[in-house]
Structures are given as structure tokens and as C-alpha cells.
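Asker: give the three-dimensional model of this entry:
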Amino acid sequence: MGAASTPKPASRVVVGGARTPDHQPEFPMTDLSRRHLIAAAGGAALASAPPGAARAETGPAPIRGKDGASILGPTNPPRQAQEPFTTAPPTTDHGTMPNLKWSFSDSHMRLEEGGWARQTTIRELPVSKAMAGVNMRLKAGAVREMHWHKEAEWSYMIRGKARITAVDQDGRTFADDVSEGDLWYFPSGIPHSIQALDADGVDGCEFLLVFDDGAFSEDSTFLITDWMAHTPRDVLAKNFGLPESAFAQIPPSELYIFPGPRPGPLSADRMGGAGEIPKRFSHRMEAQEPIRTRGGSVRITDSRVFPASETIAAALVELEPGALREMHWHPNGDEWQYYLSGKGRMTVFGSESKARTFDYQAGDVGYVPFAMGHYIENTGDTPLRFLEMFRSPRYADVSLRQWMALTPHALVQAHTRIDRTLLDGLPQAKSPVVPG
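Answerer: Predicted coordinates for the structure are as follows:
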């Protein structure tokens, strides 16, 4: 009898092109079951292929009617199944456009005791010059250590609960507990901390961070332990009025993410100082009353409702199956997107007859350069939820339909050759989401 084989490590299950969320458990699989699931994933994705696209046994093929041909060389069927409109784009796509998509699943995962972090910056998505993002997970009690950075930090809590603290230049303080759907914002240079809490059976939290500079790096933040480790102890003693022996146990290098003591009541962590920071650094985004339409809803959060958020405006969009985030553009900056759930496609129009369609799903980042026209369509059978962020204190969009409705219709007809009676019936009010 031969030697027993070493058990293979558990694999993450991928079914139907969807990624298993990191907070869900992983299940060990045999090679046989893995092959069956991959085959099933390709078959399940056929239903989402573009109309008229050829469908190979393992997913959509780059064939549209009489155009295109099968792939003879190496293929990545699970990836093609996730990208049906990239594999067989609409006939209206044309010209050369930069890549406007990145998946956090392709980002380097920094693992630490108590959590992890991964980022999407200009290094991963070169077109993303205005903003960068970090996806971070902290187990209950774990701390993103006390730090500050040159860039302002905006955050959306994806799941779980955390305690945030900050102190400003006048010695004023802030502390709050934030839960799923809440936001926080720390201006550039303001020191702060984040600690995960236990809540509703969730072990800690996971959140999205957005920074107002695409060149941001999570590895370049100013950390309290890093600074103290690189300061002579006699200087530390003089600065704090303590004996040098008090600093004998300071960490020799940064902690970054580490297990910390579980915090007590929030009231105990409100330190007073020179008073509370006047512009609160947290906001309950999902408590806002949304703009509701027959196809979905939009919540807009900018400095008008969240005064502290002076450099980043945002919207939380939900589209029902088949619904459309209407054709529009933004006159005040680039758009950085994060997809929370569901599946969709976005076509971006870049002038000069250039347009390109991209597929998105949960965990993906989308990007729209300044003033480029675009729409987002829910191509799945469940709601599509995503965030739009802008490096601006105010949210602003221009609706193509409203522009046409409010421009003399004879002039619009001369451009579009649409029947005048149909133009006369266009609604003049903006509707950010239209039903499918």
C-alpha cells in the first residue's frame, strides 16, 4: 500500500460566476466536485449572455450574429461567464477606452492578526486618478491602529459595527459607534482610530474606505507605533514628561491591525477635551429618505446633509431587475463606484465615437472619468446595489432625458429625428432610475 496522500487545503466555492463573500465560511471540496461546480457555473451563466451572442458549453463566446469567432487558444471560462457583455459587447461599442473596472478579488490581501485589508488605487486601476479605495475587515475587538494620513477618509460600513474616535487640532474630540449603512469622514491630517465591536452575532465588521487621491496607499499612513519606534527614547521621555523606562515595551514596528481590549460603553470613550467636534464625523446614510421611483431608489449624501464630508459626495443606488440608472453625466468630477450586491452592466461614452461596456458584480470597482456619459443597468434577477463617490462637496448629475425635454423640441428633433409628438411627451422632471 502506498503512503497516504496529504489532504488538500479547502477551496473557495465559485458558483455561477459569483464570488463567495469573505465573511462566509469556506468548504473543503474534492477535485471531482470542483470540476462539477465549475461546469455548472458555466451553464448557469448562459442565461445572462447578451442577446444574439453565441454560447459555448462553458460560457458565452466572442460571437455576435455573423461577427466574431470561437476562441481556439487558452480560455478562462469562469471569468468569461462573469463578463458576458465584455466577451460579446454590444454593436454600439466602438473605439479604444481605458479599463474602467477592477475587482477587489484581484487586489493583494494584507493579512494581519485580527483582520485584513486590500486596496484599489491608481496602481491597480490606472484611470482612477481622483480617488482610491480600501476594503478592510476587523474581527471583534481588533483595532486599525491610531493613525492619520494626508488624504481625507470617507467610509461606508458594509457589515457589522465599529467604534470610531478622533481628535482635532483644537483638542476637540469625537467618538461614535457606526453600524451597517452608516458613514464616517475624517478630514486630512485628523488622527483617528477604528475598533470592531460585537453586534447581532457578527464577529466584528467590514467596511469600505475611499480617499480623495487615486495615488493613496494604505501602507503609507502615519501610524503612532511606527513614529514612536523611530524616535529616540530620551526624546519620548522629554516630550511626555515620563521616565525612559515607560517606553521599554513600545512595539519595535507598526501594529497596523491588532487585537485590542474590548471597549466599554460609548459614554466612557467620549473623552471631553475642549468639547465635541462641531461637525460630526459620522452619518446614518441608510436612515435618509431616498428618492424613490418605480425602478428603484437613490440616497444622496453630500455636504448639504453630512457637513463634515467636505471633499467626497456619494449616492447609494438600488436598481430592481431590468431597471436603469438613467443616461447621465456628472459635471463636477470623476465617479468611483463600488458594487455591493447583484449584477449589472455599464456603458461609458467617451466622445470621438468611443464607447465601451463593462460587467460588474459584488466586490467590483467601477470608474467613470469626468463628464463622460454613462448608464448602469441591472442585468440580474435580484436588486443591484452600488455606491457612487465623487471628489466634490456636492453631488451633481445632468440627465440626458431632462436636457432633451427642456430644450426646444424642434431643435431636439432636428438632431435626433425622433417624432415630435414623442418628444412632447418626455417628462421634464429628472428620474434617476427608470424601470425595465
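Asker: contacting residues for D364?
Answerer: For D364, the contact set (C-beta atoms under 8 Å, 6 or more residues apart in numbering) comprises 101-104, 338-339. C-beta here means a position set from N, CA and C on the backbone, and glycine is covered the same way.
Asker: for it, phi and psi?
Answerer: phi -90, psi 150 (degrees, to the nearest 10).
Asker: again with A175
Answerer: Backbone geometry at A175, expressed as degrees, to the nearest 10, gives phi -150, psi 140.
Asker: same check on K279?
Answerer: According to degrees, to the nearest 10, K279 has phi -100, psi 110.
Asker: surely it and A308 touch.
Answerer: Yes - between K279 and A308 there is a contact at 4.0 Å, judged by C-beta atoms under 8 Å.
Asker: comparing those two, which residue is more hemmed in?
Answerer: Neighbour count, other C-beta atoms under 10 Å: between K279 and A308, A308 has more, with 21 against 15.
Asker: I'd like the distance between that one and F349.
Answerer: 34 Å (C-beta to C-beta, to the nearest Å).
Asker: residue contacts, G342?
Answerer: Applying C-beta under 8 Å, 6+ apart to G342 gives the contacts 319, 361-362, 378, 380, 382-386.
Asker: and if we set it to 7 Å?
Answerer: Residues near G342 by C-beta atoms under 7 Å, 6 or more residues apart in numbering: 362, 378, 380, 382-385.
Asker: make TSV out of the contacts of D364 and add secondary structure and neighbour count.
Answerer: Listed next are the contacts of D364 as TSV, based on DSSP: H, G, I helix; E, B strand; the rest coil; neighbours: other C-beta atoms under 10 Å:
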residue	secondary structure	neighbour count
K101	strand	19
W102	strand	20
S103	strand	19
F104	helix	22
Y338	strand	24
Y339	strand	23
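Asker: what ranges of the protein fall below the confidence cut-off?
Answerer: 1-58 (pLDDT under 70).
Asker: quickly list the domain ranges of it.
Answerer: The chain breaks down by automatic domain parsing into domains covering 31-91, 102-283, 285-397.
Asker: taking those domains together, which one is wrapped up most tightly?
Answerer: domain 285-397 (a mean of 20; mean count of other C-beta atoms under 10 Å).
Asker: ends of it, what's the gap?
Answerer: 19 Å (C-alpha to C-alpha, to the nearest Å).
Asker: the domains of the chain: which one's closest to G436?
Answerer: Closest of the domains of the chain to G436 is domain 285-397, at 2.2 Å (criterion: C-beta to C-beta).
Asker: tell me how far the closest one is from the chain's mean position?
Answerer: Relative to its chain's centre, domain 285-397 lies at 11 Å (C-alpha atoms, centre = their mean, to the nearest Å).
Asker: same check on stretch 127-143?
Answerer: How far stretch 127-143 lies from its chain's middle: 9 Å, per C-alpha atoms, centre = their mean.
Asker: and it, C-alpha only, in CSV?
Answerer: Extracted C-alpha coordinates of stretch 127-143, given in CSV (Å, rounded to 0.1, in the frame of the first residue of the first chain):
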residue,chain,number,x,y,z
VAL,A,127,-7.6,55.6,-14.7
SER,A,128,-8.6,56.2,-11.1
LYS,A,129,-6.6,59.4,-10.5
ALA,A,130,-9.1,61.2,-8.3
MET,A,131,-9.9,58.6,-5.7
ALA,A,132,-8.7,55.3,-4.2
GLY,A,133,-10.4,52.6,-2.1
VAL,A,134,-9.6,50.2,0.7
ASN,A,135,-11.7,47.2,1.7
MET,A,136,-11.0,46.3,5.4
ARG,A,137,-12.2,43.6,7.8
LEU,A,138,-11.7,43.6,11.6
LYS,A,139,-12.6,40.9,13.9
ALA,A,140,-14.4,41.9,17.1
GLY,A,141,-12.0,43.8,19.4
ALA,A,142,-9.4,44.3,16.6
VAL,A,143,-8.1,47.8,16.1
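Asker: and the strands in the stretch 201-350 of the chain, which stretches?
Answerer: 202-203, 205-211, 222-223, 257-259, 282-284, 291-293, 296-301, 313-319, 324-329, 335-341, 343-349 (DSSP state E, counting those that start in this stretch).
Asker: what pairs with the first one, parallel or antiparallel?
Answerer: Right, strand 202-203. Using DSSP bridges, the strands paired with strand 202-203 are strand 192-199 (antiparallel).
Asker: specify the angle between the strand it pairs with and strand 205-211 in degrees.
Answerer: 150 degrees (axes from the mean of the first three to the mean of the last three C-alpha atoms, to 10 degrees).
Asker: please tell me how far strand 192-199 is from the chain's geometric centre.
Answerer: 20 Å.
Asker: cool, and stretch 275-285?
Answerer: 23 Å.
Asker: just the contacts of G342: which are in strands?
Answerer: Of the contacts of G342, the ones assigned to strands by DSSP state E are 378, 384-385.
Asker: the nearest residue to G95 once chain neighbours are set aside: what's it in contact with?
Answerer: Spatially, and ignoring its direct neighbours in sequence, G95 is nearest to K354 (3.5 Å; C-beta to C-beta, 6 or more residues apart in numbering). Neighbour list for K354: 94-97 [criterion: C-beta under 7 Å, 6+ apart].
Asker: same check on H192?
Answerer: H192 neighbours (C-beta under 7 Å, 6+ apart): 148, 164-166, 186.
Asker: what about the residues you listed, which are in strands?
Answerer: Those of the contacts of H192 lying in strands (DSSP E): 148, 164-166, 186.
Asker: I'd like those residues written out as JSON lines, with distance to H374 added.
Answerer: Below are these laid out as JSON lines (distance: C-beta to C-beta, whole Å):
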{"residue": "W148", "distance to H374": "35"}
{"residue": "I164", "distance to H374": "33"}
{"residue": "T165", "distance to H374": "38"}
{"residue": "A166", "distance to H374": "35"}
{"residue": "F186", "distance to H374": "30"}
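Asker: quick check: the farthest pair among those?
Answerer: Among the ones in strands among the contacts of H192, W148 and I164 lie farthest apart (C-beta to C-beta), at 13.3 Å.
Asker: now for V167: which residues touch it?
Answerer: 173, 191, 273.
Asker: the residue nearest to the spatial centre of the chain and W403: what is the separation?
Answerer: The residue lying closest to the centre of the chain (C-alpha atoms, centre = their mean) is Y338, at 2.7 Å. Note on Y338: its distance to W403, by C-beta to C-beta, is 28 Å.
Asker: quick one, what contacts V305?
Answerer: Per C-beta under 7 Å, 6+ apart, neighbours of V305: Q288.
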